[in-house]
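[1] Build me a model:
(4 chains)
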Number of protein chains: 2
Amino acid sequence: MSTFRARTRVARARPRTAKSPTRLGDVARLARVSTATVSRTINETGAVSEATRRKVLRAVQKLHYYPNAHARSLALGRSNQIGLLVSDIANPFFPELVKAIERDAYQRGFEVILAETDYDHERLAKSVRRFLERDVAGVIIMASEVDMPLVAGLARRRVPLVFLDLEVTGQGTSTVSVDYGRGIDEAVHHLAELGHREIAYVSGPPNLSSAAQRLQAFRAAVARYIGPRSHPRVYDGDFRLESGLRAGREILAAPARPTAIMAANDLMALGVVKACRAEGLSIPRDLSVVGFDDIAFASLADPPLSTVCLPRDALARGATAALLNSLDEGSHAVTPGMVPTYFVARGSTGPAPK
Amino acid sequence: MSTFRARTRVARARPRTAKSPTRLGDVARLARVSTATVSRTINETGAVSEATRRKVLRAVQKLHYYPNAHARSLALGRSNQIGLLVSDIANPFFPELVKAIERDAYQRGFEVILAETDYDHERLAKSVRRFLERDVAGVIIMASEVDMPLVAGLARRRVPLVFLDLEVTGQGTSTVSVDYGRGIDEAVHHLAELGHREIAYVSGPPNLSSAAQRLQAFRAAVARYIGPRSHPRVYDGDFRLESGLRAGREILAAPARPTAIMAANDLMALGVVKACRAEGLSIPRDLSVVGFDDIAFASLADPPLSTVCLPRDALARGATAALLNSLDEGSHAVTPGMVPTYFVARGSTGPAPK
DNA sequence: GTAAACGCTGTAAACGCTTACACCTCCGCC
DNA sequence: GGCGGAGGTGTAAGCGTTTACAGCGTTTAC
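    Predicted coordinates:
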């Protein structure tokens, strides 16, 4: 017996739970063409004669063939997945945003990998890293716990990166920002028209840029419609309902009550409403309340909350558009998007009491 | 000039926007070991001497190396991604569920690909297909628009499949179901103790299994605590607030008013509350209202809504557990999970008026 | 009539990883 | 002194795609 070594390596028996899925090669064999042709057929890239096309498609059908996305991504050097990173989906602002982004992505053939940071730097960093490992086509981040080293690292990889409502500068980076001014201006204008002269404000955490911007817009609007000498009282909140409740109590307990209260988000505004109700005040007869965001519950509340709407789909569209711009052009140009806000008058605002 | 053909194939110039990412091979070269060793080191699979380990890790650091997940998934024949399919994230029930699942998955090293069906069969089918192309480790579906052919197709692929609150039978399929009985029983018991004898019910769409189950549980509880001859009035809703509002109006307009109303979900319960308020009724003095789900807003509403809590984390945990069971054991045993529900008494329920 | 152009197809080299085998060294044991 | 085993490492064959290049038969243009 000669030491016959050919074919000594047996085919690696991979632990397949079921019969292996069909591959391109199987289709090619059945259709009696090459794998190249099959690939060209199913991707509609390159010329294929009608006859061949039909043969191939028939084989695909017959074998229930579907391509392996990983192999494809590997060969292509990119994937059709995008990473979406938010701090907390349970926050009522996010679901609609996620929904809109997912819809847009789906339509353009992208999948969304969703990750939450839970307000944690490390989770954010780790998730971003996982995105990179996946060769994602782009990353959309709406979370405030971003730090510069991370962004720098991402920019180095040339991954299109879109920040929502977060001023981040860096190459290959887009920011879709929010025009807080307009909506807040409209809201204050509305209140002023209704005769309100004293408007208190419940702010978000001052270290958050979005909170700061809202506050600034509010001050500007008050100066404009009420008078430059007017100094509205400002209370600090943390974007949560309880803080609105506390601020509401404080405001109502103070000697000179305002006739209207604006809050930096709807949750706090609802807290204010709760405080008023506890005091036996009627809204909007005794006091007008305005929120911000226009979360789903704003219109369901009682009374329906007048609020400034930050349109989620515009934000989402801005994000996906920015991402796809970067993809198509390959130019990592900063496409600055700006989504508007606008005031929605509902039941919680009315004429100032005499 | 001889026709020198060696090396005629140039390395394919792939359009790399930036310098190519570092690969395993680069690390191996720098560390002066083989790719196998590098792989074994970073994956902690197989024995590697301490000295080598350090060399490799240093090289990894130096090159900012991170592995390519697609290549890995391809080689492994599976990915560390799971597919999550819900009908509508904007529905206030889902965000917390998604959150819990994402958290669980993240901790175990899985990524979540999120997709929405938007109550559309075709989108569901297409998303599922994309999941398959991704070799996902498993799929979690919480959407009622599932049809049998689809499930059959999935089962054929042997992808662990978990349905939430959806009775689906099939090989390799787990269902995490919800024990509606307990919470609803508790709720009705609570109302009965408070002296309520006439409890109206606002149901969900009768063709949805979850709605049917809730209704059945309600009837059983009424028979038990109020009396077997009691025939509570049942109104049809569609799980949306407006339908609760309509049902509420209808109930209040009817000659014999009940003293309590239970709704199949919180949204409809809030609709009922709204209807009551419009009639000038005070809750819970004139009427008690109970919801179902315990969405975030239930506790924030005014009055805080007494409701039956369907714990999202338990549901999520059931789902991920079922998935990982299938993964570990390879046994596609049906691990039937059952998540309990429980009543939460809050401000919307009180003693029956005399 | 020939050259250039075109349409279609196949061959085989990547893509970046995992891992079965082979091999080598060192150690303990009889 | 030989042998078995264990620990460490390298070689190279996949994983299932995409696609550059080459080759072929047909037109088309001159």
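
[2] Let me know how buried A:Leu124 is, in neighbour terms.
    Residues contacting A:Leu124 under the criterion other C-beta atoms under 10 Å in any protein chain shown number 23. (C-beta placed from N, C-alpha, C; glycine too.)

[3] which ones are touching the closest residue to chain B within the stretch 251-354 of chain A?
    Closest approach between the stretch 251-354 of chain A and chain B, counting by C-beta to the nearest C-beta: A:Phe297, at 5.4 Å. Going by C-beta atoms under 8 Å, 6 or more residues apart in numbering or on different chains, A:Phe297 touches A:92, A:266, A:270, B:297, B:300.

[4] Return the backbone torsion pair for it.
    Backbone geometry at A:Phe297, expressed as degrees, to the nearest 10, gives phi -80, psi -10.

[5] ok so, going back, mind picking the lowest-pLDDT entry from the contacts of A:Phe297?
    On pLDDT alone, B:Leu300 ranks lowest of these, at 83.

[6] For it, give me its contacts.
    Applying C-beta under 8 Å, 6+ apart, the residues near B:Leu300 are A:241, A:270, A:274, A:297.

[7] Same list (those residues) but as a markdown table, adding secondary structure and distance to DNA strand C.
    A markdown table is the format used below for the contacts of B:Leu300 (DSSP: H, G, I helix; E, B strand; the rest coil; distance: C-beta to the nearest atom of the strand, whole Å):
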| residue | secondary structure | distance to DNA strand C |
| --- | --- | --- |
| A:Leu241 | helix | 46 |
| A:Leu270 | helix | 49 |
| A:Lys274 | helix | 54 |
| A:Phe297 | helix | 46 |
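
[8] if I look at A:Ala36, how far off is A:Asp293?
    53 Å (C-beta to C-beta, to the nearest Å).

[9] My error: substitute A:Asp185 in the last question.
    Taking C-beta to C-beta as the criterion, A:Asp185 is separated from A:Asp293 by 16 Å.

[10] Which one's more surrounded, these two?
    A:Asp293 (26 against 22).

[11] The more buried one and A:Pro311 touch, don't they?
    No. The criterion here is C-beta atoms under 8 Å, and A:Asp293 misses it with A:Pro311 at 10.3 Å.

[12] could you pull out the strands for chain A?
    A:81-86, A:111-116, A:138-142, A:161-164, A:173-179, A:199-203, A:234-236, A:260-263, A:288-293, A:306-309, A:337-340, A:342-344 (DSSP state E).

[13] right, and the pair among the contacts of B:Leu300 with maximum separation?
    A:Lys274 and A:Phe297 (12.8 Å; C-beta to C-beta).

[14] near DNA strand D at all, stretch A:67-83?
    Yes. On the criterion C-beta under 7 Å from any atom of the strand, stretch A:67-83 is in touch with DNA strand D at A:67-68, A:71-72, A:74-76.

[15] Report the backbone C-alpha coordinates of that stretch in CSV.
    Taking C-alpha atoms only, stretch A:67-83 is exported to CSV below (Å, rounded to 0.1, in the frame of the first residue of the first chain):
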residue,chain,number,x,y,z
PRO,A,67,-28.0,34.6,-0.8
ASN,A,68,-25.8,34.8,2.2
ALA,A,69,-25.5,38.4,3.3
HIS,A,70,-22.3,37.9,5.2
ALA,A,71,-20.5,36.5,2.2
ARG,A,72,-21.8,39.3,0.2
SER,A,73,-20.8,42.0,2.6
LEU,A,74,-17.4,40.4,2.9
ALA,A,75,-16.9,40.4,-0.8
LEU,A,76,-18.3,43.9,-1.2
GLY,A,77,-16.4,45.3,1.7
ARG,A,78,-19.5,47.0,3.0
SER,A,79,-22.8,46.0,4.4
ASN,A,80,-26.3,47.2,4.0
GLN,A,81,-26.7,47.7,7.6
ILE,A,82,-26.8,50.9,9.5
GLY,A,83,-26.2,51.4,13.1
